[in-house]
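1. Give me the fold of what follows.
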Amino acid sequence: MAFLRFTKLVLKTAFLLFSNQSPYSASDTVNRTRTPTTITKGSNITKPGCQRKCGNLTVPYPFGIGLGSSDSHMRIKNWVATSCYNQLGNWTRGNLVSISLAQYFSFSDMNKFTIVGCDDLALISGKEGRNFTSGCVSLCSKKDDLLDGYCSGIGCCQTSIPEGLQKFSVALGSLDNHTGVWSFDPCGYAFLGEEDSFIFRTSDLSDLTFENRTTENVPIVLDWAIGTQNCTESQKSNDVACHQNSKCIDSDNGHRCGCFDGYEGNPYLDPGCKG
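-> Alright, predicted model coming up:
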């Protein structure tokens, strides 16, 4: 019986992810919204350890001030899929998430798809640049089952994404609408975010600020590139943007430049990097 209910949950969640319709009743879907977002530029997040300003001058990330401040990645603000229930198991609020990136950007494999909750299944579907579908199940029966710092399927579950992904959608479902765990876990959450920025805590399940806290503190990491050709293709067409004392580095959607070891500066502008 449990397997049958689980199978129905997977099918219901997949239906929610891949269609514009909803498997929930009209009363359930009043507050259920899909959050479609297109990212065209990075948000105001600085690489850890780097200055963002020099006087009145703001240097946008992934560039920066000081040694090692530039990077091949950008960090943007997060979005969290949420599904909350009352004590009777009635759905009360939540949202789905769908994010698209502009050209030259892709979601880094430094991110993990993460589900937090004790009665939850979430699916992530990727498109544009890399098509894939994956999911994760997070279950537990009592709070004592949980361990801080562990995200292996008991209260928290994580899975990887492929490189080159430029668009993804997330759908979140529950096996028993949290009726058996509501006293300490009224909501389920799913998000894509930087693995190193998130550490699971048992208190996350009952913390009603978890969604906002994750949105602000667990960024999504993006890979970026210039042009649409890799290094070999760019060199053949004499279209490499790298200047003196710098190297061309292949990226998912093109290429980027970096200074040779022992050199610093901007490899994209003359005279390039300096020793």
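2. chain center to the helix or strand hosting Tyr189: distance?
-> Using DSSP states H and E, Tyr189 maps to strand 187-194. How far strand 187-194 lies from its chain's middle: 8 Å, per Cα atoms, centre = their mean, to the nearest Å.
3. now for stretch 260-271, what's the gap between its first and last residues?
-> For stretch 260-271, the separation between the terminal residues is 14 Å (Cα to Cα, to the nearest Å).
4. Quick check: buried residues in it?
-> Neighbour-count burial for stretch 260-271, counted by 16 or more other Cβ atoms under 10 Å, picks out Tyr263, Glu264, Gly265, Asn266, Pro267. From N, CA and C alone the C-beta is placed, and that goes for glycine too.
5. In a markdown table: the residues you listed, plus distance to Gly188, pLDDT and secondary structure.
-> Below are the buried residues of stretch 260-271 laid out as a markdown table (distance: Cβ to Cβ, whole Å; pLDDT from 0 to 100; DSSP: H, G, I helix; E, B strand; the rest coil):
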| residue | distance to Gly188 | pLDDT | secondary structure |
| --- | --- | --- | --- |
| Tyr263 | 49 | 89 | coil |
| Glu264 | 46 | 87 | strand |
| Gly265 | 47 | 84 | strand |
| Asn266 | 45 | 84 | coil |
| Pro267 | 44 | 86 | coil |
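6. quick one: which of these is nearest to Cys242?
-> Nearest to Cys242, judged by Cβ to Cβ, of these is Pro267 at 5.3 Å.
7. how about the residue nearest to that closest one when sequence neighbours are not counted, what does it touch?
-> Leaving aside its sequence neighbours, Pro267 sits nearest to Ser246 (Cβ to Cβ, 6 or more residues apart in numbering; 3.4 Å). Neighbour list for Ser246: Cys257, Gly258, Cys259, Phe260, Tyr263, Pro267, Gly272, Cys273 [criterion: Cβ atoms under 8 Å, 6 or more residues apart in numbering].
8. just curious, which of those residues is nearest to Gly149?
-> Out of the contacts of Ser246, the member with the shortest distance to Gly149 (by Cβ to Cβ) is Gly258, at 33.8 Å.
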